[in-house]
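Chemist: pasting the structure only:
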């Protein structure tokens, strides 16, 4: 989630609809400037007893963050507390229950992206040795109840945690118990954005199946392969989902603005603090009728903040965010951007991917999205084939797209090698979750603590 630590004094008040559309329009870039931003979260645990460390305890989340100063990172504070570290590789921040996230810097190639992830993981492993902590690459805590998890000192999280139970039954699980990998990608024009958005939404269930990695809840199998994905189905229907309007004629920046204006607010950031605006209307804010700030109109930063509070399967800001994957270990951190860059950053690949999904109805897309958390690659796509069958076809398209990009590392290898772990998953038909379940019912003997041996 986004990190704010200061108010912008040179922040224009929004006076026209053009200012609402501007963030999306300003995201347009020529293909030569397209970049890749990868975000990945990991669960943090104490090695002596596997508990999730609090913010303040010795060797806890604050100490982990501050230890990054040894690698050149600089603290970001909110209310006098360190909530993130900023550096050349992006931002390391804390999620609601102390999940540690790297929001990576925008980079040109997958080779650079994977090197960035490698540097980060090496740094946190070294810090983990000092602090007595380990890191789990999973989509959800496999054994912790909500009550066993700490809450981090960020104002927006306090507001969201109060609001979540009003709008769904699983929102607190989303905040406290889950982890994801996502990739942020550029577009060249409004039409390019629309096509990428549609392909991204339609194929998000395939990404969920390939990365499904959350089959346990409170120490037992939960009946799902991606329980993290299921959680989003009952978090907040006004800000989640598959967005049928994206596939309607005329979709573009203006329609996205209308959607975001209909998404209820969470907060307003003023004087270094988050003010609770949960459930209020940004449309009222535009008219100076927000009850908590009567007579005041929003600034451009307020709109940017609001754009970060919708959580659909694909999200538009000044770039597109692909949001369907569970958290995972190092190899899959590199695989997710490879999957989407291969499909979306080469025109021939993008056209081929659209041809695969363009005739699906909205009902078929929704049915697939609803089936995937339990069924994974065995879920049926329109026409009767399985996602495993589709996966082979789509990975071939992505591979061709990466080959066409022609970016080589120092050893002369192109970017297609980052798809290898996904090739293996599709070939076997087994998601990471299914492999863990096999271990749980086999060599682990039903002992969920064995999962801690599968850290980063």
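Modeler: Thanks, I have the structure now. Since the model is a prediction, treat every value here as computed from it, not as a measurement. Numbers count the residues shown, from 1 in each chain.

Chemist: Can you tell me the closest non-neighbouring residue to the residue sitting furthest away from the middle of the chain?
Modeler: Computed with Cα atoms, centre = their mean, the residue of the chain farthest from its C-alpha average is residue 295, at 35.3 Å. Across the structure, with Cβ to Cβ, 6 or more residues apart in numbering as the measure, the residue nearest residue 295 apart from its sequence neighbours is residue 288 (5.2 Å). Where you see a C-beta, it was placed from the backbone N, CA and C, and this is true even at glycine.

Chemist: try residue 380
Modeler: Nearest non-adjacent residue to residue 380 (Cβ to Cβ, 6+ apart): residue 386, at 6.0 Å.

Chemist: List the residues that contact that neighbour.
Modeler: 377, 378, 379, 380 (Cβ atoms under 8 Å, 6 or more residues apart in numbering).

Chemist: Just the buried positions in whichever strand or helix holds residue 127, please.
Modeler: Remark: residue 127 resides in helix 110-131, with elements defined by DSSP states H and E. By 16 or more other Cβ atoms under 10 Å, the buried positions in helix 110-131 come out as 110-114, 116-117, 119-121, 123-124, 127-128, 131.

Chemist: Show the subsequent helix or strand relative to it.
Modeler: strand 133-136.

Chemist: Show me what that following strand is packed against.
Modeler: Other helices and strands packing on strand 133-136, by 3 or more Cβ pairs under 8 Å, 6 or more residues apart in numbering; DSSP states H and E, are strand 36-46, helix 110-131.

Chemist: What are the contacting residues of that strand?
Modeler: The contact list for strand 133-136 (Cβ under 8 Å, 6+ apart) reads 42-47, 53, 59, 64, 100, 121, 124-125, 127-128, 142, 451-452, 454-456.

Chemist: out of the residues you listed, which are buried?
Modeler: Neighbour-count burial (16+ other Cβ under 10 Å) applied to the contacts of strand 133-136 gives 42-46, 53, 59, 64, 100, 121, 124, 127-128, 142, 451, 455-456.

Chemist: Ramachandran coordinates for residue 319?
Modeler: Backbone dihedrals for residue 319, given as degrees, to the nearest 10, come out at phi -160, psi 170.

Chemist: Can you tell me, leaving aside adjacent residues, what's nearest to it?
Modeler: Nearest residue to residue 319, sequence neighbours excluded (Cβ to Cβ, 6+ apart): residue 184, at 4.8 Å.

Chemist: Neighbours of that neighbour, how many?
Modeler: Using other Cβ atoms under 10 Å, residue 184 is surrounded by 22 other residues.

Chemist: pLDDT wise, what is it at?
Modeler: You'll see residue 184 listed with a pLDDT of 98.

Chemist: wait, what's in contact with it?
Modeler: Applying Cβ under 8 Å, 6+ apart, we find residue 184 in contact with 36, 37, 38, 39, 106, 319, 320, 321, 322.

Chemist: my guess is the fifth one meets residue 34, correct?
Modeler: When you say that, I think you mean residue 106. No: under the criterion of Cβ atoms under 8 Å, residue 106 lies out of contact with residue 34, with a separation of 9.3 Å.

Chemist: Now the terminal residues of stretch 279-295, how far apart.
Modeler: One end of stretch 279-295 sits 18 Å from the other (Cα to Cα, to the nearest Å).

Chemist: So what's the model's average confidence on that stretch?
Modeler: 98.

Chemist: which parts of that stretch are buried?
Modeler: Taking 16+ other Cβ under 10 Å as the basis for neighbour counts, the residues of stretch 279-295 that come out buried are 280, 281, 282, 285, 286, 290, 293.

Chemist: Also stretch 435-449?
Modeler: Using 16+ other Cβ under 10 Å as the burial criterion, the residues of stretch 435-449 that qualify are 436, 437, 440, 444, 448.

Chemist: Perfect, that will be all.
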